Every structure is written in structure tokens, then in C-alpha cells.
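Chemist: sequence and computational prediction follow.
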Number of protein chains: 2
Amino acid sequence: MGRTSDAKEKILDAARSLIELRGYSALGVAEICKAAGVPKGSFYYFFPSKEALALAVIDEHWAAQEGDWKRILGGAAPPLERLRHLFEATEATLAGGQQDCGSVAGCMFGNLTLELSNQTEAIRARLQEIFDAHVVLIEAVVAEAVARGEASVADTREAARSVMAQLEGQVLFAKLYNDPRRLGPSWLNCLALLGARAPVAS
Amino acid sequence: MGRTSDAKEKILDAARSLIELRGYSALGVAEICKAAGVPKGSFYYFFPSKEALALAVIDEHWAAQEGDWKRILGGAAPPLERLRHLFEATEATLAGGQQDCGSVAGCMFGNLTLELSNQTEAIRARLQEIFDAHVVLIEAVVAEAVARGEASVADTREAARSVMAQLEGQVLFAKLYNDPRRLGPSWLNCLALLGARAPVAS
């Protein structure tokens, strides 16, 4: 059992790295197996298709990110400070990835959305669920800030969607310009968006 | 001459459609030629490589879009009304594409940014120039709104980048949820972002 779980983990690790570097469409199963150091037979033992592998990579990445987001957004600090921490953590993640592989890889979910959402309905549905969950987590923080009189928005759901759009858009530019610091000024724009212009104390 | 120009146009048209449907990495030169109805020899007569073709597709798309943007953002209406027209025109373009091919294709430049900017430096550089030009066009409108007291931002360049991030992020979600109407509420968020909360008259 130890060895087969190892093979599955190796395939998932290799696929995640390759998808981050080059996207999904450009990859073949043979290449993934070669990078993972496992025979091709192992691949189909664990994954009926390349799409099934992509879904597993997405799920694994989301399980980790969801934990991070809940920890950051669910802390004891005031709500807008927690939201700022999310922007800072996103910038730090992009900067760490850039240090490891020379370029900003961006957001795996955003990348796969633009690459694949029109091509496979299973992946589209999974990515929709994940972005819905992002919006729910952000909306709770926005609603808390509004209740405390620290933000002023007409519609907390739309405001949360807009914060997510801002974050995804700025991550896209961080990737394009290979510069994680793009995320810095976007926090002040996010505050403006939430009708909360005063800087939030550290 | 007539016939060779035709072939070049056919290749560009086929490549643009295929890139919008399935991205760049998944395409082969043979497939593009088949869709264009031209022999493979013609391809290499006009384009030394697939990358050269992608750059030509990008340039052609930008030439058309730049004209549209300058017309919309350079009109005689008040600045924020022109900016609203840009959001409306973007939504209309997404809706038109959805009617033609069943799904929202999104923004070609955003799609190629997330798919390719880490893979080919020539395409990254071209897309950077295009997004820089978008920001310059939006910044002029934001500065005009600020000068008229209709918007209030700390930094017009950062505000323009943020408007672009908002637009690209919301177009990403319009593609993910296959719903161009995602762009509607985002205009109100854009106004908030620019410190201009009052609705702008039609």
C-alpha cells in the first residue's frame, strides 16, 4: 500500500508542477509519468483520464488553500485587517513561487478557468464551486466590516465578487509582469471598493 | 497577390477562432491549416512559426480593439459615462460571442496571459505593451473625472490598473459562469473604486 500511495502522490506532485509551469492542454500522460518517475500503467490505475487527474490536482490544491483562507479570514483581528492579510498572503505566495521557479505562476484556479472552462464541463463545475466558496468566505468578512461601520457597500455578495475579481485581475497582472508587488497597491483599491478609505493598522 | 493575401487572412481567421475556443497550446499547425483550408506550405510562407502566428493574431485583435477603445473612451460624453460605455461594450461583446458559439470566450489577451506569459517572452512582451496601453487609455479618463471633481483617487495610474484588474477579473468570471451579465454589477463596484458612488446618468 505504501508504494502505490507513493506513486499516486508522485503523479499528483508532478502534474501540479507541470500544470503550473505550462498549463493543462500542453501536457501528455507520458510526460507526467516520466516527471513523476512512475510507469504509465500506474497512472491509469489511479486516474481513469487526464481530466480525472486535473480534478484531483484541483481538489488537492483547494483543500490546502481553503485551510489557509479559513485561518486567515477567520482570525480574531478586525475584519478588514484579516482581508488585508489575505492580500499579503497571496503576494507572499506569488513571491515564494517566483523565487523557486523564476516566474510568477499566478493562481492555478484562474489559470485553469481561462484555459479550460469552455472545454470540460466537469472542470468548469469544480472551479465554479471553488470560486463560489471564495466569495462566501470574503462576503462574511465584508458583512462583518459593514456591521461594524468600517465598510459601506450596497450589496455584500456583489462586493465580495468584486474583491475576488480585483484579486484575480491583479494576480493576472503579477503573472504578466512577473512582479508579485502588483498586489501591494491593489489593497488600497480594495479598501476604496468597500467604501473603507482609511488605512487599516497593522 | 490576391490569392496569397486570402490565404494569410484565412490562416489568421482560423487561428483566432481556434485560439478563442481552445487556447494556443492545444493547437497544431496542421489543424490550423485544415480549418483555414490552405496547404501547410502556405503557413510557413507567411509565418515562420506558430509563435509568429500567435503574435499576428494578437496584433490584429489589438488593432481592432484599440480603435474601439479610443472611440468609446475618447467621445464627447462626460468621462465616467465613457468609462461605463466601455464596460457595457465589453459585456455586449461577450454576449455576442456567447450567442455565436454557445459560450463566453472571455478576453483573448487575458486568456493568453494566463496560458502563455511564462512560456514565451515575445508573447509576454507584446501582451505587456497592450495592457500598458489599456491602462494609459483608462488613466486619461480617470484623470479627467478627477479634474472635474467626479472621482477621487489617490493615484490615477494605480486606479486605472485597478479598473483594468476589475474588468479582467469580471471577464474571467463571465467565462467561468458562462454569463456575460457578470459585467453589470461590476460597473457599480468600479464607481466605488474611483470614489464616485453616485450613479452616472445614461
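Modeler: It's in. Computed from a prediction, not measured in an experiment: that's the story for all the values here. Residues are numbered from 1 along each chain as shown, chains lettered A, B, ... in the order given.
Chemist: phi, psi for the residue positioned nearest the centre of chain A please.
Modeler: Nearest to the mean C-alpha position of chain A, by CA atoms, centre = their mean, lies residue A:107 at 4.6 Å. For residue A:107, the backbone dihedrals (degrees, to the nearest 10) come out as phi -100, psi 120.
Chemist: what does residue A:39 give?
Modeler: According to degrees, to the nearest 10, residue A:39 has phi -70, psi 150.
Chemist: longest helix anywhere in chain A?
Modeler: helix A:121-147 (DSSP state H).
Chemist: pull out the buried positions in the helix or strand hosting residue A:80.
Modeler: Using DSSP states H and E, residue A:80 maps to helix A:79-101. Residues of helix A:79-101 classed as buried by neighbour count (16 or more other CB atoms under 10 Å in any protein chain shown): A:79-87, A:90-91, A:93-95, A:97-98. Every residue, glycine included, has its C-beta placed from N, CA and C.
Chemist: pLDDT averaged over the one helix or strand residue A:160 maps to - what is it?
Modeler: Per DSSP H and E: residue A:160 is located in helix A:156-176. What helix A:156-176 shows for mean pLDDT is 95.
Chemist: cool, stretch A:29-44 as well?
Modeler: The pLDDT scores in stretch A:29-44 average 93.
Chemist: any idea how far that stretch is from the chain center?
Modeler: Offset of stretch A:29-44 from its chain centre (CA atoms, centre = their mean, to the nearest Å): 26 Å.
Chemist: other residues contacting that stretch?
Modeler: In this structure, residues lying in contact with stretch A:29-44 by CB atoms under 8 Å, 6 or more residues apart in numbering or on different chains are A:4, A:7-8, A:10-11, A:13-15, A:17-18, A:50, A:53.
Chemist: chain center to the least confident helix or strand in chain A by mean pLDDT: distance?
Modeler: Lowest mean confidence among the helices and strands of chain A (mean pLDDT, DSSP states H and E): helix A:2-22, at a mean of 85. Centre-to-centre, helix A:2-22 and its host chain are 18 Å apart (CA atoms, centre = their mean).
Chemist: for the very next helix or strand once past that helix, buried residues please.
Modeler: Under the assignment DSSP H and E, the closest C-terminal helix or strand after helix A:2-22 is helix A:29-36. Across helix A:29-36, burial judged by 16+ other CB under 10 Å covers A:29, A:32-33, A:35-36.
Chemist: list the contacts of residue A:160.
Modeler: A:135-136, A:138-139, A:142.
Chemist: highest neighbour count among those residues?
Modeler: Highest neighbour count within the contacts of residue A:160: residue A:142, with 27 neighbours (other CB atoms under 10 Å in any protein chain shown).
Chemist: and residue A:140, how many residues sit next to it?
Modeler: 16.
Chemist: what's the spacing between it and chain B?
Modeler: 18 Å (CB to the nearest CB, to the nearest Å).
Chemist: can you get me a residue count around the nearest residue to that residue once chain neighbours are set aside?
Modeler: Distances taken as CB to CB, 6 or more residues apart in numbering or on different chains place residue A:73 nearest to residue A:140, at 7.3 Å, with adjacent residues excluded. Neighbourhood size, residue A:73 [other CB under 10 Å]: 19.
Chemist: ok, residue A:73 touching residue A:139?
Modeler: No - contact between residue A:73 and residue A:139 fails when scored by CB atoms under 8 Å: they sit 10.3 Å apart.
Chemist: thought residue A:164 was touching residue B:169?
Modeler: Yes - using CB under 8 Å, residue A:164 is in contact with residue B:169, at 6.9 Å.
Chemist: more neighbours: which of those two?
Modeler: Each of residue A:164 and residue B:169 has its neighbours counted (other CB under 10 Å); residue B:169 has more, 26 against 21.
Chemist: nearest residue to residue A:170 in space, ignoring adjacent ones along the chain?
Modeler: With CB to CB, 6+ apart as the criterion, residue A:170 has its nearest non-adjacent residue at 4.2 Å, and that residue is residue A:186.
Chemist: tell me the buried residues in stretch A:126-138?
Modeler: Within stretch A:126-138, the residues scored as buried using 16+ other CB under 10 Å are A:126-128, A:130-131, A:134-135, A:137-138.
Chemist: sorry, slip of the keys, the one I care about is stretch A:177-186.
Modeler: Within stretch A:177-186, the residues that count as buried by 16+ other CB under 10 Å are A:177-178, A:180, A:182-183, A:185-186.
Chemist: what does that stretch rub up against?
Modeler: With CB under 8 Å, 6+ apart as the criterion, stretch A:177-186 contacts A:87-88, A:90-92, A:94-95, A:98, A:103-104, A:166-167, A:170-171, A:173-174, B:117-118, B:124, B:128, B:155, B:158, B:161-162, B:165.
Chemist: which residues does residue A:19 contact?
Modeler: Contacts of residue A:19 by CB under 8 Å, 6+ apart are A:27, A:54, A:57, A:108, A:111-112.
Chemist: 6 Å instead?
Modeler: Going by CB atoms under 6 Å, 6 or more residues apart in numbering or on different chains, residue A:19 touches no other residue.
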